[in-house]
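Participant: dropping a prediction and its sequence here:
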Amino acid sequence: DTGVSQNPRHKITKRGQNVTFRCDPISEHNRLYWYRQTLGQGPEFLTYFQNEAQLEKSRLLSDRFSAERPKGSFSTLEIQRTEQGDSAMYLCASSMGNTQYFGPGTRLTVL
Amino acid sequence: DQQVKQNSPSLSVQEGRISILNCDYTNSMFDYFLWYKKYPAEGPTFLISISSIKDKNEDGRFTVFLNKSAKHLSLHIVPSQPGDSAVYFCAASGRRDDKIIFGKGTRLHILP
């Protein structure tokens, strides 16, 4: 088991462009979470899935953000029409219903 | 409004001594508390957790204490080692499988 993986690790984009991140959870983990971390802050919850069902979304997740987990395995997080305020580290975590294990994150920079 | 507060942005401790990191929370519905450790350019790594029905949990050099009446928890690291230098996040959730609410973190420096 190689842990939670995220791709890409870094993404630089221009304002207004769309970006998509991928998260591969630990095998057989049925829960998958997305968090966002900005400088000087702790991670903030965005959304989570149990299998393929998206069970909760934070108010932080504006209409420009969409997350999917189509087959209950990997997940994607898409940000449309990126803004400079979207610049952050996007973290994915997975669990079997107890401890959440985090991936290395995707650092997004919006120019 | 911050539900999990870590009031010390940084802490320096001599190698071999005890490191004590503190955390306060405001939401009495929190039932599960965790500590994560984070190195630069990596995701948070789970360290230790405690359920609200306990007041202490120990794992090797790491011990977490929970004082529910004071809504306070602390992480003790004994003895502190150079590899312990990192940012430590206190976190809480309503259930083990619920979303986690994190504090802002405390940067721990272990001095040689």
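Facilitator: Now that the structure is in, tell me what you want to look at. Numbering: from 1, shown residues only, chains lettered A, B, ... in the order given.
Participant: name the SS class of the spatially most central residue of chain A, please.
Facilitator: Most central in chain A under Cα atoms, centre = their mean is A:Trp34, positioned 3.8 Å from the mean C-alpha point. Secondary structure assignment for A:Trp34 (DSSP: H, G, I helix; E, B strand; the rest coil): strand.
Participant: so for the helix or strand bottoming out on mean pLDDT in chain A, what gets flagged as buried?
Facilitator: Least confident helix or strand, chain A: strand A:53-57 with a mean of 92, by mean pLDDT, DSSP states H and E. Along strand A:53-57, these residues count as buried under the neighbour rule (16 or more other Cβ atoms under 10 Å in any protein chain shown): A:Gln54. Every C-beta, even on glycine, is put in place using the N, C-alpha and C of the backbone.
Participant: state the mean pLDDT of the helix or strand just after that strand.
Facilitator: Counting by DSSP states H and E, the next helix or strand C-terminal to strand A:53-57 is strand A:65-68. For strand A:65-68, the mean per-residue pLDDT is 96.
Participant: now do stretch A:18-29
Facilitator: 95.
Participant: do the same with stretch B:80-99
Facilitator: 92.
Participant: ok, now stretch A:34-47?
Facilitator: Mean pLDDT, stretch A:34-47: 95.
Participant: can you list the buried residues in that stretch?
Facilitator: So for stretch A:34-47, counting by 16+ other Cβ under 10 Å, buried means A:Trp34, A:Tyr35, A:Arg36, A:Gln37, A:Gly42, A:Pro43, A:Glu44, A:Phe45, A:Leu46, A:Thr47.
Participant: hang on, isn't the first one packed against A:Leu77?
Facilitator: Yes. Between A:Trp34 and A:Leu77 a contact is recorded at 5.5 Å, counting by Cβ atoms under 8 Å.
Participant: circling back to that earlier point, got a list of contacts for the least confident helix or strand of chain A?
Facilitator: A:Leu46, A:Thr47, A:Tyr48, A:Phe49, A:Ala67, A:Glu68, A:Arg69, B:Lys99 (Cβ atoms under 8 Å, 6 or more residues apart in numbering or on different chains).
Participant: again, only using 10 Å
Facilitator: For strand A:53-57, contacts defined as Cβ atoms under 10 Å, 6 or more residues apart in numbering or on different chains pick out A:31-34, A:45-50, A:61, A:65-69, A:72, A:75, B:98-99.
Participant: just the buried members of those?
Facilitator: A:31-34, A:45-50, A:61, A:65, A:67, A:69, A:75, B:98-99.
Participant: how about chain A: which residue is closest to chain B?
Facilitator: A:Gly42 (3.1 Å; Cβ to the nearest Cβ).
Participant: which SSE is that residue in?
Facilitator: A:Gly42 belongs to no helix or strand when assigned by DSSP H and E.
Participant: and the gap between it and A:Gly3?
Facilitator: Between A:Gly42 and A:Gly3 the computed distance is 21 Å (Cβ to Cβ, to the nearest Å).
Participant: list the contacts of the closest residue to chain A within chain B.
Facilitator: Across chain B, no residue is closer to chain A than B:Phe102, which sits at 3.1 Å (Cβ to the nearest Cβ). Shown in contact with B:Phe102 (Cβ under 10 Å, 6+ apart): A:35, A:37, A:41-45, B:2-4, B:6, B:34, B:36, B:44, B:89-92.
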